[in-house]
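> got a structure for you, letters missing:
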């Protein structure tokens, strides 16, 4: 009975990742160590849960889905790894070796559900123009449900059938299908970056964009190094703008005092 309750809570945790990853907080799905903490509450095995969560946290550092990019779901990999380790008694290394392929599988599912939800986005827009707001809300909820399937389906399958199913599924998927999804997934970051640049003041800060490209493409500086230089440049701009604002306010106050004195 306890195992059944744990299975239900684990599946609900996978479904909650849909809300968590879509919110501005992003604690559970984006931070495997936090997922490990929740899994420790569910399974009662704190040591195994936190060790696996910390291991996958280190693997996921610097990996983020910016601009519509698809990345492995390390949160799902954490859930599956901890479930396998606590139920079968295998080592944490072997459990992670089983969980990671599931995280890679959800990467392919992520691309697929994005394509499917494109249909819902256009449908919701059509309903909005027709002022059918209740139907639009229903379509939105349905799209969220479909989005959650990329988390719920793999976790539910592992919970019900165990690790052998994971290996069976990864071997059964045709190469042409995974290759097609991989090509589409590689295009999404480019599209996402293009969309971000469209809304950012690129012309105003074009020199920084060129400098970052040169540092990364020609000098092979790691992304973290480029980001730190960008943060430093941003801080300098912030300080300069703050000083300009203070000086402008000071001059305005002096002008007002001078006008009062003249009167």
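Done, it's in. This structure is a prediction, so every number in the text was calculated from the model and none was measured. Numbers count the residues shown, from 1 in each chain.

> Verify the stated contact: residue 75 with residue 17.
Yes. Counting by Cβ atoms under 8 Å, residue 75 sits close enough to residue 17 to count as a contact (5.6 Å). Any C-beta I mention is one placed from the backbone N, CA and C, and that applies to glycine too.

> out of the two, which sits in the more crowded spot?
residue 75 (31 against 25; other Cβ atoms under 10 Å).

> Give me the average confidence score over the helix or strand harbouring the more buried one.
Element membership for residue 75, per DSSP states H and E: helix 74-88. Across helix 74-88, pLDDT averages out at 85.

> Flag every buried residue along it.
When burial is assessed from 16 or more other Cβ atoms under 10 Å, helix 74-88 yields the following buried residues: 74-87.

> what packs against that helix?
helix 2-22, helix 32-43, helix 46-60, helix 92-129, helix 133-161, helix 163-172 (3 or more Cβ pairs under 8 Å, 6 or more residues apart in numbering; DSSP states H and E).

> To residue 197, which of those helices lies closest?
Closest to residue 197 of these, according to Cβ to Cβ: helix 92-129, at 20.2 Å.

> hmm, back to that, could I get the helices and strands packed on helix 74-88 in JSON lines, plus columns for distance to residue 200?
Below are the helices and strands packed on helix 74-88 laid out as JSON lines (distance: least, Cβ to Cβ, whole Å):
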{"stretch": "helix 2-22", "distance to residue 200": "22"}
{"stretch": "helix 32-43", "distance to residue 200": "30"}
{"stretch": "helix 46-60", "distance to residue 200": "26"}
{"stretch": "helix 92-129", "distance to residue 200": "22"}
{"stretch": "helix 133-161", "distance to residue 200": "26"}
{"stretch": "helix 163-172", "distance to residue 200": "39"}
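
> Using a markdown table, lay out the ones you listed together with distance to residue 245 and mean pLDDT.
Below are the helices and strands packed on helix 74-88 laid out as a markdown table (distance: least, Cβ to Cβ, whole Å; pLDDT from 0 to 100):
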| stretch | distance to residue 245 | mean pLDDT |
| --- | --- | --- |
| helix 2-22 | 36 | 81 |
| helix 32-43 | 39 | 88 |
| helix 46-60 | 39 | 83 |
| helix 92-129 | 40 | 80 |
| helix 133-161 | 41 | 84 |
| helix 163-172 | 57 | 62 |
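
> highest average neighbour count across those?
Mean neighbour count (mean count of other Cβ atoms under 10 Å) peaks for helix 32-43 among the helices and strands packed on helix 74-88, with a mean of 21.

> How far does that helix sit from its chain's centre?
Distance, stretch centre to chain centre, for helix 32-43: 18 Å (Cα atoms, centre = their mean, to the nearest Å).

> just checking, what packs against it?
Looks like helix 32-43 contacts helix 2-22, helix 46-60, helix 74-88 (3+ Cβ pairs under 8 Å, 6+ apart).

> among the buried residues of helix 74-88, which two are most distant?
Across the buried residues of helix 74-88 (Cβ to Cβ), the longest gap, 20.0 Å, separates 74 and 87.

> Which helix runs longest in the chain?
Secondary structure assigned by DSSP state H gives helix 223-262 as the longest helix of the chain.

> Report the rounded mean pLDDT for it.
For helix 223-262, mean pLDDT is 77.

> Which parts of that helix count as buried, going by neighbours?
Result for helix 223-262 [16+ other Cβ under 10 Å]: buried residues 226, 230.

> From the contact counts, what lies against that helix?
Using 3+ Cβ pairs under 8 Å, 6+ apart, the elements in contact with helix 223-262 are helix 206-217.

> How about residues contacting the helix it packs on?
Outside helix 206-217, the residues that touch it by Cβ atoms under 8 Å, 6 or more residues apart in numbering are 197, 202, 221, 223, 225, 226, 229, 230, 233.
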